[in-house]
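Chemist: I would like to see how this sequence folds:
(2 chains)
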2 protein chains.
Amino acid sequence: MNEVELLRREERDVSVWDVEVDVLVVGYGCAGVCAAIEAREAGASVLVLDRAGGAGGTSISSGGFVYLGGGTALQKALGFEDSAENMFRYMMAACGPAPDEALIAPYCEGSVAHFDWIVARGVPYRESFFAGAHEPFDSDEGLVFSGSEHVHPYNEIATPAPRGHAPRSIRDKGALFMNKLIASADAVGVESRFQSRCDALVVASDGRVVGAIATTLEGEQHIRARKGVVLSAGGFIYNDAMLERYAPMLRQCKHKVGTENDDGLGIRLGLAAGGEAIRMESGDVSMAIFPPNSLRHGIFVNHAGQRILNEDVYFGRAGEIILFHHDTRAYLVVDDDHYDRPLNFPVEIAAVGESIAELESELGFPMGVLQSTVSFYNEHAAKGEDPLFHKLPKYLTPIVKAPFGALDLSSEKLVYSAFTLGGLRIDANARVLSASGAAIPGLYAAGRTTSGIAKQGYSSGMSLGDGSFFGRAAGRHAAGPLD
Amino acid sequence: MNEVELLRREERDVSVWDVEVDVLVVGYGCAGVCAAIEAREAGASVLVLDRAGGAGGTSISSGGFVYLGGGTALQKALGFEDSAENMFRYMMAACGPAPDEALIAPYCEGSVAHFDWIVARGVPYRESFFAGAHEPFDSDEGLVFSGSEHVHPYNEIATPAPRGHAPRSIRDKGALFMNKLIASADAVGVESRFQSRCDALVVASDGRVVGAIATTLEGEQHIRARKGVVLSAGGFIYNDAMLERYAPMLRQCKHKVGTENDDGLGIRLGLAAGGEAIRMESGDVSMAIFPPNSLRHGIFVNHAGQRILNEDVYFGRAGEIILFHHDTRAYLVVDDDHYDRPLNFPVEIAAVGESIAELESELGFPMGVLQSTVSFYNEHAAKGEDPLFHKLPKYLTPIVKAPFGALDLSSEKLVYSAFTLGGLRIDANARVLSASGAAIPGLYAAGRTTSGIAKQGYSSGMSLGDGSFFGRAAGRHAAGPLD
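Modeler: Predicted coordinates:
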C-alpha cells in the first residue's frame, strides 16, 4: 500500500520560507502563462513552476485554437454575425447536461475582449474563413466552425457562427500561440523555474492557502505566496489509476492528448486544500475518421445496424456519442462513390460487400436490419432529406454504388483521442470552491485542472479558451486585494 | 457566498473530549448497524449517531433485499446452483465499466457466510422461489432474480442464479430486516444517540482520524474514537446542489430513494479527512413500468423509432440505459393483447393507433421507421427469435393486435426512482482510501457513503448487500489492533 500523499501542510509547521512572491503559479501551459501575465501586469511579483524542462505544457503542442465569439474582431472582419447571447445559447445547449452557467455566461460576455487581448500579445490571425470541417490542418486560415454550431440540432437552437480562432500558421499553431504569450510573460518580468514540482500546498489555520512546498533544482523549497496560488497543472489523462477510478471509458482511447505531467497532481493538490473535483467522468473524445469530408456521405451505424447520429457533427461530438453511448461498437457505412482513405489515422475496413445484404452478413448483423436502415436513409437522401438526424443536404446522397464498405469505429481498431474535462470547481474569478460553495482564500485554478466551460459537447478551442480566459481571471483576482 | 464548511478539525485544537468510545459510527442504517454489531462483538465500545429521531436510515423503508450468492443456504434449499466464481463473473460483467474488483471479489467469496450471519441475527426467509420479475411486492417468498442474471447478455456470461434474498414478510421487508439487526445491536450493548449530527472529523497531525465533533441533544460534543470512525451516513440523492455538480442526469428522476439526510454529509466528511470520492455520476435508476409482465411483450423504442434493448431486463438496467443513453426519450410500444395498466406508477399513453403507421404518425416519428422496427421484430418473434437483443422466448410474440399503444417513458411523464452510487473509495476492510491508494488510519465507510460493488448494472439488494457486508468489515477492522 502506498503512503498517504502529504499534499497539504499546515502553515504553523513551516519555520522558514525559502522564497517569497505575491502569486505562485503551478504549471506553465496556457492557463498558467495567462495568470502570470495578468498578475504581473497588475503589479504582483510572480513565480511560475513547471515540472517540464521549459514552458508550454500541453498547449504548446495543441492545435492552437481558441473558441471565442460574440462578435470578435475576426468574426466581424469576415462578416459573421454573432453575439454573446447567441454564443451563450449554443454553449448552454451543447456543453451539458448541467452546463456550468456561472462560467459560461462570463466567458461569452468577455469573449470579444479576450480575443483582443490575445491579439495584443502578438498572436497573429489571418482574416480568412476555412470552409472545411473541422480543423485547418493544412491551412493558415483564421476562423472555422470548430464545433457543431452549423449542424443539427444546434443550428436550430442558435444562429450558427464559426468560433474556432486559429493562429496564422500552417503547422505548429499551438507553439505560435504559446510562444507569443510566453514572450509576453518574460517581457513583463514573470519569473519561472522548471523541473520544479509542487509537492504540497501550505494552508493557514483559517483555511487560506499561503504557499507551497516544491522540489526544485535547488532542492526542497518553501515558497510563500503572499496573495495566492494558481493551480494550472493540466488534467489527468496520463494517470491510468485516476482514469480507472473516475473516467474508465477514456481508457479505451489510444491517443492521450497531453503530456506525462497530466497526471492529476493539480487536481489532487486542490482537493487536499479543501477544493471539490466535479464531473470527473467527462472527457473530450475525438473520433477523427474525417477528413476526407466525402466520408460524411456515409452513415454511422451501431452494432444493431441502426443509424445513430448526423454524420456532419464535429469529431468531438461523434467521438463522445460513439464512446459513451455505444461503447464504440459502431461502423461507418459508405459506398464506392464516397470512400476515400481517412487522413488522420489508420482505419480498418470491417467488411466489404457487393450489396448491403452482403455487407450486413459480413458484419454478422441479423439479416435485414442494415438493409432497412440504408433503404430508409436512401429514400429520403434522394430527396435531400434526413428526417431522423437532419444531416446537412450537401452530404445527403443515397448509398448505392457497389462495393459497399464498413469502416470499423471500435476503439480497438480506430484511434480515439482523449483528454479529461473534469476537475476542480471554480467560480468566475477562478477561485477554487469548496463543497459548500465558498471560495478557498488564496487558491485559484484554471484550465484542465478545473471543470470548465465544457463537460460535454466539447468544441476545438474550448480548452485553450477557458484555460486562457480563467487563467487571466485568476491572475487578476490574485493580484488584487486579499479576500 | 457560503462559509467554508469546517468538516475537519485538528486534534491539537481539541482541549477536552466530552465522550470517549472505541468506535464511533456515523449513521444508523444497514451499514451502521452492521459495523456496530461487529465492533461491539469484538469487544469495542460503540456509539452510533444518527440525525434522525431513531435508527433505520433509508434501509428501514427499503425493499429489504440483500443480493447474495455463491451457494447460500437459501439458494441450496431451493435447488439453485451457484458459486463465488459464477457470481463474480456476473458482477464483473454487469457492474462496470471498471467494476471494483477489490470489493466484488471478497463480496462474492464472503457471500454465503454473510447470509448465515444475517439469518443468525434473526431475519427470517421463506424457502420459496418467486418466479415473477423482479420483486415480490405482494408475496413473502424468499428468493428472486433481482437483477438481469437470467437474461441477455448475462445469461451467456454466467450461469443464471437468483440472488435476491427477501425477508419473510409481504409488506415492510426492509423494516423486518433492519429491526432484527437493530435488536441485535441493542442486545450486545451498542449505544446510540439520535437527532445527533456529526459536524466534523477530528484529525491528528499524522493524518489519523481520532474522533468527531457532533451537535447532539446535549449540545456540541467532542467525541474521541480511540479505534476509529465509521461513516455510514447514506448517499446524496437529497442534495440537489451535489446532484447538479456530480450527477445531473439523476435530477430528472422524480422519486428519490432515500431520506432527507441523504445529503452527502458522510461523503463530504470523508473528503475533508483526505478521502477520495469516485464515480460520483453513478446511480441506480429504476424505471418500473413492469409489472405487469404482459407489457414485456412490447418493445422499447427511442425517439428515432429504434428498438433499444431486451425488454426482459431488470427495471434498474432498463432505467439506467434509457436515462443515461437515451435521455428518457423513449416509449414502450405494445398491442392490445398485451396491454395492462402498470401497477407501480401512473403512466401516460403518448399515442394510440389502429395501425403501427398511425401510431408512428401520432408520435411524430418520420413515416416508416417504427413500421420497419415492428415488422423486423414481428417477423422474428413469430419464430420465437430476437436476433437483435435476445429477449427470452416467453415474451416474444408479434405485435399485431390493434389498437396499438405507446407508453411514454420520458422522465417528465413517468416516475423514475433513483439513488446515488458514487462515494468514498474504500478497500475490502472498508478503510477509506486517499488518492494515493493509502488507507486513512482510523477512518472507515460503508453503504451509500461509498462507491461500492455496483457502479452500473445495479440489481435489487446490492445496496443493503454491500452496506451490510462492508459495514461488518468496518466494525471488525476498527475493533482490531490499530493500523
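Chemist: my guess is residue A:35 contacts residue A:22, does it?
Modeler: No. Contact criterion C-beta atoms under 8 Å: residue A:35 and residue A:22 do not qualify, at 11.9 Å. C-beta coordinates here come from the backbone N, C-alpha and C atoms, glycine included.
Chemist: the two: which is more packed in?
Modeler: Looking at residue A:35 and residue A:22 with other C-beta atoms under 10 Å in any protein chain shown, you find the greater number of neighbours at residue A:35, namely 40 against 19.
Chemist: check the secondary structure at the more buried one for me.
Modeler: helix (DSSP: H, G, I helix; E, B strand; the rest coil).
Chemist: what's whatever residue of the stretch 1-150 of chain A ends up closest to chain B sitting at in phi/psi?
Modeler: Closest contact between the stretch 1-150 of chain A and chain B, by C-beta to the nearest C-beta, is at residue A:98 (3.4 Å). Dihedral pair for residue A:98: phi 50, psi 50, per degrees, to the nearest 10.
Chemist: what about it, neighbour count?
Modeler: By other C-beta under 10 Å, neighbour count at residue A:98 equals 18.
Chemist: and for residue A:71?
Modeler: 19.
Chemist: contacting residues for it?
Modeler: A:81, A:82, A:83, A:84, A:112 (C-beta atoms under 8 Å, 6 or more residues apart in numbering or on different chains).
Chemist: try residue A:264
Modeler: Per C-beta under 8 Å, 6+ apart, neighbours of residue A:264: A:235, A:236, A:239, A:242, B:435.
Chemist: go on, residue A:346?
Modeler: residue A:415.
Chemist: list phi and psi for it.
Modeler: phi -60, psi 150.
Chemist: do stretch A:226-246 and chain B come into contact?
Modeler: Yes. Judged by C-beta under 8 Å from any C-beta of the partner chain, stretch A:226-246 comes into contact with chain B at A:241, A:242, A:244, A:245, A:246.
Chemist: ok, longest strand in chain A?
Modeler: If you go by DSSP state E, chain A has its longest strand at strand A:219-231.
Chemist: which SSE is immediately downstream of it?
Modeler: The first helix or strand that comes after strand A:219-231 along the chain, using DSSP states H and E, is helix A:240-246.
Chemist: in that following helix, what's buried?
Modeler: Within helix A:240-246, the residues scored as buried using 16 or more other C-beta atoms under 10 Å in any protein chain shown are A:242, A:243, A:245, A:246.
Chemist: ok, stretch A:142-161 next?
Modeler: Buried residues in stretch A:142-161, counted by 16+ other C-beta under 10 Å: A:142-152, A:154-155, A:158-161.
Chemist: neighbouring contacts of stretch A:96-108?
Modeler: For stretch A:96-108, using C-beta under 8 Å, 6+ apart, the contacting residues are A:69-70, A:84-85, A:87-88, A:91-92, A:95, A:426-428, A:451-457, A:465-466, A:469-470, B:244-245, B:248-249, B:251.
Chemist: neighbours of the residue nearest to residue A:345 when sequence neighbours are not counted, how many?
Modeler: Of all residues not flanking residue A:345 in the chain, residue A:415 sits nearest, at 4.1 Å (C-beta to C-beta, 6 or more residues apart in numbering or on different chains). Residues lying near residue A:415 (other C-beta under 10 Å) number 17.
Chemist: list the contacts for the closest residue to chain B within the stretch 201-350 of chain A?
Modeler: Nearest residue of the stretch 201-350 of chain A to chain B (C-beta to the nearest C-beta) works out as residue A:248 at 3.4 Å. By C-beta under 8 Å, 6+ apart, the contact set of residue A:248 is B:96, B:97, B:98.
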